[in-house]
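A.B. asks: below is the sequence, then the predicted model.
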Amino acid sequence: MDEDTRQISSARRTLIILKTLGAADAAGMRLIDVAKEVGCNQPTAHRAMQDLVAEGFVEQVSGGKRYRLSLEFFVMAARAGRSDGLRELARPALLRLSSTLTDTIFLLVRSGYDAVCLDRVEGPFPIRSFTGDIGGKVPLGIGQGSTAILANLPEAEREAVIRFNMPRLLDRSHLDEASFRLLLANAREQGFVSFNAGLIPGMAGVAVAVCDANGTAVAALSVGTLAERAEGERLQAMVDILSAEARELGRRINPFDPALRSPSRSLSYVQAQNRLR
């Protein structure tokens, strides 16, 4: 077999692995079962799987014995315009918010130590954001949306994220750890995040967490706007409107949505990303 044929076979095998994992249930598949379905030996399947993990398309389930598609894979599908669970569910809310507030609206979800923009609806004002377009990613704690998620995580998870992310935040923010912890405490007390740190001149934002039935933040609704439009009475009105949509969305969330998988089961993905940094 010449080199070109081997490369084509390898690419096809990788696609078959993705299709195989996509047809599996949420518990994932063992490597031996993947190899059997694909029709190759385990070492070959393992090499292909490690490449997929390193690229963020596949994650290892807790314990490292099973594999499944990762959030990154669903983000890629979202970029192609294919709606799944939360994105489809939240789309009407994003459209309503953008129409009501005449601003740009973002839907963010957690991915390990980061937040990913799962969807956005543009308003009439030119807005720059930390995540950029759909699929953009920032460390939890950068920007209003990701900060709202972080502030409303269970304490143990929040502490783990702060310890891991603080060096990353110091590179991109003027806040030290004490000030950052105070910001998170205020966000939990107020029920929203609103600040203009000056990181993007002239821009400001407001965000509220979307919590599941257990009260744990799984996503955030965020408004990106001009700084002068997020002040005084208008700020409170924005918070009230966002909060109402977030509560309704939280009641309708499917806990089995792939975009809302427990981050503790995505450590292999985060570790793979760390190796690439």
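C.D. replies: Great, that's in hand. Numbering: from 1, shown residues only.
A.B. asks: rest of the way, CA atoms for contacts and neighbours
C.D. replies: OK.
A.B. asks: so where do the strands sit in the protein?
C.D. replies: 29-30, 58-60, 66-69, 104-111, 114-121, 137-139, 193-195, 203-211, 217-226 (DSSP state E).
A.B. asks: okay, now D171: neighbour count?
C.D. replies: Residues lying near D171 (other C-alpha atoms under 10 Å) number 9.
A.B. asks: same thing with the one 10 residues further on?
C.D. replies: Neighbouring residues of R181 were enumerated by other C-alpha under 10 Å; the total is 15.
A.B. asks: return the per-residue confidence for it.
C.D. replies: Looking at R181, its pLDDT stands at 94.
A.B. asks: got it, and the one 3 residues further on?
C.D. replies: According to the predicted model, the pLDDT of L184 comes to 95.
A.B. asks: so who does A48 touch?
C.D. replies: With contacts defined as C-alpha atoms under 8 Å, 6 or more residues apart in numbering, A48 is in contact with T14.
A.B. asks: quick revisit: and D240, which of the strands of the chain is closest to it?
C.D. replies: strand 203-211 (9.7 Å; C-alpha to C-alpha).
A.B. asks: partner strands of that closest one, parallel or antiparallel?
C.D. replies: Within its sheet, strand 203-211 is paired with strand 193-195 (antiparallel), strand 217-226 (antiparallel), according to DSSP bridges.
A.B. asks: and among the ones you listed, the most buried is which?
C.D. replies: Comparing those by mean neighbour count (mean count of other C-alpha atoms under 10 Å), strand 217-226 comes out on top with a mean of 27.
A.B. asks: any idea how far the closest residue to S243 other than its chain neighbours is from A11?
C.D. replies: Spatial nearest neighbour of S243, excluding adjacent residues (C-alpha to C-alpha, 6 or more residues apart in numbering): V208 at 6.3 Å. Distance of V208 to A11, given as C-alpha to C-alpha, to the nearest Å: 42 Å.
A.B. asks: out of the two, which sits in the more crowded spot?
C.D. replies: V208 (33 against 13).
A.B. asks: residues contacting that one?
C.D. replies: For V208, the contact set (C-alpha under 8 Å, 6+ apart) comprises 145, 148-149, 191-193, 220-222, 239, 242-243, 246.
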